[in-house]
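J.: build me a model:
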Amino acid sequence: MFLNLMTAWQYLAFEVLRWLRAWTRPTSHSVVLGAVSDLARSKPELIAENALLRQQLIVLRRSVKRPQLTRRDRLLLVFLASKVRSWKSALLIVRPETLLRWHRILFRLYWWQKSKTPSRPPRIPEATVALIRRMALENRLWGAERIRGELLKLGIRVSKRTVQKYMARVERRPPSAQTWKTFLQNHAHDIWVCDFLQVYDLFFRSLFVFVLIELGSRRVAHVRVTSNPTDGWVAQQLREATTWGEGPKYLIRDQDNKYGLRFERVAAGRNIEEIKLPYRSPNLNAVCERFWGSMRRESLDHLLILNERHFQRIVADYTAYFNRARPHQGIGQRIPDPPEAVDRTEGNIVVTSVLGGLHHDYRRAA
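T.: Residues are numbered from 1 along each chain as shown. Here you go, the predicted model:
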């Protein structure tokens, strides 16, 4: 009987304590009992709880629908909750399980940072490390032994293991095949590009310009105008441009129907390998596209084309200016077909009008 009485008193005390806790929570309707229970709490704990509540209000005020907590907000909530004994009852916008999960993440980050091995400075100079990484990045086909040989040429002695160590930190993805840019750079002086430009004269008749350009020098090798670009006409232009054994090794062109069987036979007879571009890929023939853009901006947009003969004269004048007087950014502001070299620091400056005054050519008198 005595044990039953003790059990009953314990149960009653537990129920009274649970009732008091429920009525003294901040979410309860009893403001008076909550204020009375705060009298028994220390001032630092009350300040910390107020700061915890205030931080949650800041997050709610900043949010529109769902509260958006930043990393700083999570750190503050975890820190403030550690200063409040009844932190679970003071949480309003997150669950206690969420706060505990944040604390575990911070705990792992803290010990991960504390257990990190301090990084030691490399025993070789930083300049040598940078040179190894540069060689590995710029020469994707080189291995550690090849880079070590290049360093020995420069008087730098390092082991193969050291080279491998710093090469591993460089992202080296060898290309599956030669890129288009690499192909153009390696064979620029053996490549010609060709393309058509369609314009309209004063009476809205279609006229076509066919151009052949040397990729390495940007020199216009051949240009002609026609109103009817057939396969035979295009083949004849290639034949005229490659007389006396002059011609490219590769010819880049699109898959226009104007390049027919006759054109292919002329190219094969001169040992020219045709490289056909995919459909809708003007970026792969950027030199011709740049030439057409320059011709439009610098000439055609300012002139009225009367007929085919007039258009041929305009194109010939612009091509002469393009080859012999106009500097090009793609080749370091050089001229594709420069005249005879003269002293550029002495002599009078001679100005020549080009295209009826649209442009001027400035040279020093010989």
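
J.: okay, strands next: where are they in the stretch 201-350 of the chain?
T.: For the stretch 201-350 of the chain, strands defined by DSSP state E, counting those that start in this stretch occupy the ranges 206-214, 220-226, 250-253, 273-276, 349-354.

J.: leaving out sequence neighbours, find the closest residue to residue 287.
T.: Counting by C-beta to C-beta, 6 or more residues apart in numbering, residue 287 lies nearest to residue 193, which is 5.3 Å off, once chain neighbours are set aside. Every residue, glycine included, has its C-beta placed from N, CA and C.

J.: state the number of residues packed around that neighbour.
T.: Other residues near residue 193 number 26, with proximity taken as other C-beta atoms under 10 Å.

J.: the residue nearest to residue 276 when sequence neighbours are not counted - how many residues pack around it?
T.: With C-beta to C-beta, 6+ apart as the criterion, residue 276 has its nearest non-adjacent residue at 5.3 Å, and that residue is residue 255. Other residues near residue 255 number 10, with proximity taken as other C-beta under 10 Å.

J.: burial measure for the residue nearest to residue 358 when sequence neighbours are not counted, as a count.
T.: Distances taken as C-beta to C-beta, 6+ apart place residue 302 nearest to residue 358, at 5.9 Å, with adjacent residues excluded. The burial count assigned to residue 302 is 11, neighbours taken as other C-beta under 10 Å.

J.: next secondary structure after the one helix or strand residue 45 maps to?
T.: Counting by DSSP states H and E, the element that carries residue 45 is helix 43-62. Per DSSP H and E, the first helix or strand lying C-terminal to helix 43-62 is helix 71-81.

J.: and the angle for that next one with helix 43-62?
T.: 150 degrees (axes from the mean of the first three to the mean of the last three C-alpha atoms, to 10 degrees).

J.: buried set for helix 71-81?
T.: Using 16 or more other C-beta atoms under 10 Å as the burial criterion, the residues of helix 71-81 that qualify are 73-74, 76-78, 80-81.

J.: what's the neighbour count on the residue nearest to residue 169 when sequence neighbours are not counted?
T.: Spatial nearest neighbour of residue 169, excluding adjacent residues (C-beta to C-beta, 6+ apart): residue 133 at 7.0 Å. For residue 133, the count of nearby residues is 15 (other C-beta under 10 Å).

J.: residue 133 touches residue 166, doesn't it?
T.: Yes: taking C-beta atoms under 8 Å as the contact criterion, residue 133 and residue 166 are neighbours in contact, 5.9 Å apart.

J.: circling back to that earlier point, wait, which of the buried residues of helix 71-81 is closest to residue 15?
T.: Using C-beta to C-beta, residue 81 comes nearest to residue 15 of the buried residues of helix 71-81, at 27.9 Å.

J.: follow-up on the earlier one: for the residue nearest to residue 287, give me phi and psi.
T.: Backbone dihedrals for residue 193, given as degrees, to the nearest 10, come out at phi -120, psi 150.

J.: quick one: pLDDT of it?
T.: Per-residue pLDDT puts residue 193 at 93.

J.: having no further points to raise, I will conclude here.
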